[in-house]
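**Student:** based on what follows, work out the 3D shape:
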Amino acid sequence: MRKPWGIGKLIMSQIESITKKLGKTRIRFNVIPNRVELVAFYQRRGFKETGVFEEFPAHYSKFGLPKVAHLKLHEYEKFIGNIDKVYKI
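**Tutor:** Down below sits the predicted model:
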């Protein structure tokens, strides 16, 4: 369900601004693909799936326990400029 407040847009705008100030040109992060609304949010902001997958770190309780067996995280990225520099969040 989309929230009308625009907080997510503001946060992503700040992340992009900070990325540029640091001289970085790409933002990458992992997303749980089951979060359809979240994936759509990132896609509307220009993020693309890279095809890189990672096992959910179920052994690391900081992230909680997965409710789905064999959960994989999908990597998304957005280029801000020159692709030679990477900033991973």
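**Student:** please count neighbours and contacts with C-alpha atoms only from this point.
**Tutor:** OK.
**Student:** all helices for this protein, in order.
**Tutor:** Applying DSSP state H to the chain gives helices spanning 7-21, 36-44.
**Student:** turn the ones you listed into JSON lines, columns for mean neighbour count, mean pLDDT and distance to Ile80.
**Tutor:** Shown next, in JSON lines, are those (neighbours: other Cα atoms under 10 Å; pLDDT from 0 to 100; distance: least, Cα to Cα, whole Å):
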{"stretch": "helix 7-21", "mean neighbour count": "13", "mean pLDDT": "92", "distance to Ile80": "7"}
{"stretch": "helix 36-44", "mean neighbour count": "14", "mean pLDDT": "94", "distance to Ile80": "14"}
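**Student:** want to throw those helices into TSV with distance to Val52?
**Tutor:** As requested, these are exported to TSV (distance: least, Cα to Cα, whole Å):
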stretch	distance to Val52
helix 7-21	21
helix 36-44	15
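**Student:** wait, which of these is closest to Lys72?
**Tutor:** Ranking these by proximity to Lys72 (Cα to Cα) places helix 36-44 first, at 13.9 Å.
**Student:** restrict that closest one to CA atoms and write it as CSV.
**Tutor:** Once non-C-alpha atoms are left out, helix 36-44 reads as follows in CSV (Å, rounded to 0.1, in the frame of the first residue of the first chain):
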residue,chain,number,x,y,z
VAL,A,36,6.1,-5.8,-4.5
GLU,A,37,5.1,-2.3,-3.5
LEU,A,38,8.7,-1.5,-2.4
VAL,A,39,10.2,-2.9,-5.6
ALA,A,40,7.7,-0.8,-7.6
PHE,A,41,8.7,2.3,-5.5
TYR,A,42,12.4,1.8,-6.4
GLN,A,43,11.6,1.1,-10.0
ARG,A,44,9.6,4.3,-10.3
